[in-house]
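Trainee: task: produce atomic coordinates for the following.
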Amino acid sequence: MALYGEPAQNVSDLLSFGDSLGEPEGADMAGTMDDDFESIMARKRKRLTVIFGSAGGVLLLGLLMYLVTPGIFDATIGPYLGIKARINPEAIPLVEQGVQRMLDDVPLAYDEAIVKFEEALAIDRDYPQAIGLVTLAYMFRGADLKAKAQAIRAQAEEKITQITKLQKRAGRSRRVGPKIRDLRSAVQKLSDRSTKVNEEGAAKFTKGQKWSKEGMKKFAKWPLVVMSAGILQFEADPDKLQSAEKFMKAGKKYLDKKKGDKALDEAFAAMLDARLLQRVKKEPKQAINLLRSALTKEERFQRARYMLALLLADTGAAEEAKKEAERVLEAVEDHKGAKAILGS
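Mentor: Model (predicted):
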């Protein structure tokens, strides 16, 4: 048994996740996390050129198929270009419902959002936005469980410190014996609990990986697919920072080119950038600005608002932090993180 929540064995499997992204089985266009996205897409275009004779021919044929026979386009050229001509309309409302729940940023909401996204993907397996969203939902849930396991582990470590102090003071006294036994029992229980929670988080990361790999094989230029792949790498293994930043940069480039309503994607991009900044570079002011930007794009994004409240509290803006936490609770009354900020 692991001591106060050491990562379970299956957690180590997460560390190789980044190395397998962008590797379609048996395809000569396979890439690794060290490939930039332009090289991945260049290989895809080269393969199509070989198949259809010339780049111009590919573009002309692709345009005709996209407009006239979208189903055939999706089954042939579309996956190589990372483009989906049509989405099954029955899947769209399920994704919209999933987004509404995910924005609440509580465990049950994430679980319900995942159900909706996976129901949508059961209807249309090649729904790129749904793949990006379900990857994010699993990542957020896994990251929260990982943080919870670390907090439980910290409680165990505090009790171990208490044991050490008691042992030093005890000498030959028998009066501290029962206290030490009680503390050791508490450490054991916390250890077991931390390990269990950590394993639950690892399972969420693993499920997110499955969708992320599939998304990168099919839609390596879809913004949310790319960005979610990058942040999932980092959350599963902080040593993958450079790769995560590369994915985020590429995803935002594709987001700039995306047509139509992209406010939600922009909100996610700003929040994920803030996450990387705060976790690694410790730049709270810049992270705060990014989170405010995310909330201008999607004011219901409670994860961004809660992060903003935490950063404001850390930088001494206690009153502002409380106001943001209160706004979270106005929208989601069972948000434990916001309650903790308010001391309620």
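
Trainee: so which helix or strand takes in the closest residue to L291 other than its chain neighbours?
Mentor: Distances taken as Cβ to Cβ, 6 or more residues apart in numbering place L308 nearest to L291, at 4.2 Å, with adjacent residues excluded. Every residue, glycine included, has its C-beta placed from N, CA and C. Element membership of L308 [criterion: DSSP states H and E] is helix 302-314.

Trainee: before we move on, what about K210?
Mentor: Counting by DSSP H and E, K210 is found in helix 177-218.

Trainee: next SSE downstream of that helix?
Mentor: helix 223-236.

Trainee: quick one: contacts for the one residue sitting closest to the centre of the chain?
Mentor: Nearest to the geometric centre of the chain sits M139, at 3.2 Å (Cα atoms, centre = their mean). Going by Cβ atoms under 8 Å, 6 or more residues apart in numbering, M139 touches K204, F205, G208, S228, I231, L232, E235.

Trainee: count the residues that sit near the fourth one.
Mentor: Spelled out, it's S228. Residues near S228, counting by other Cβ atoms under 10 Å, number 31.

Trainee: that older thread, contacting residues around the helix holding L308?
Mentor: So helix 302-314 is contacted by 103-105, 140, 267, 270-271, 274-275, 278, 284, 287-288, 291-292, 294-295, 298, 318, 320-322, 324-325, 327-328, 331-332, 335, 337-338, 341 (Cβ under 8 Å, 6+ apart).

Trainee: buried ones in that helix, by neighbour count?
Mentor: Q302, R303, A304, R305, Y306, M307, L308, A309, L310, L311, L312, A313 (16 or more other Cβ atoms under 10 Å).

Trainee: show me which of these is closest to R175.
Mentor: Minimum distance to R175 across the buried residues of helix 302-314 is 40.8 Å, recorded for A313 (Cβ to Cβ).

Trainee: for the protein, what helix or strand is lowest in average pLDDT?
Mentor: Every helix and strand in the chain was compared by mean pLDDT, DSSP states H and E; the lowest is helix 17-20, with a mean of 47.

Trainee: before we move on, the earlier item: of the contacts of M139, just say which sits nearest to E96.
Mentor: S228 (18.0 Å).

Trainee: if I look at the closest residue to the closest one other than its chain neighbours, how far off is R101?
Mentor: Distances taken as Cβ to Cβ, 6+ apart put T135 closest to S228, at 4.0 Å, once the chain neighbours are dropped. T135 sits at a distance of 16 Å from R101 (criterion: Cβ to Cβ, to the nearest Å).
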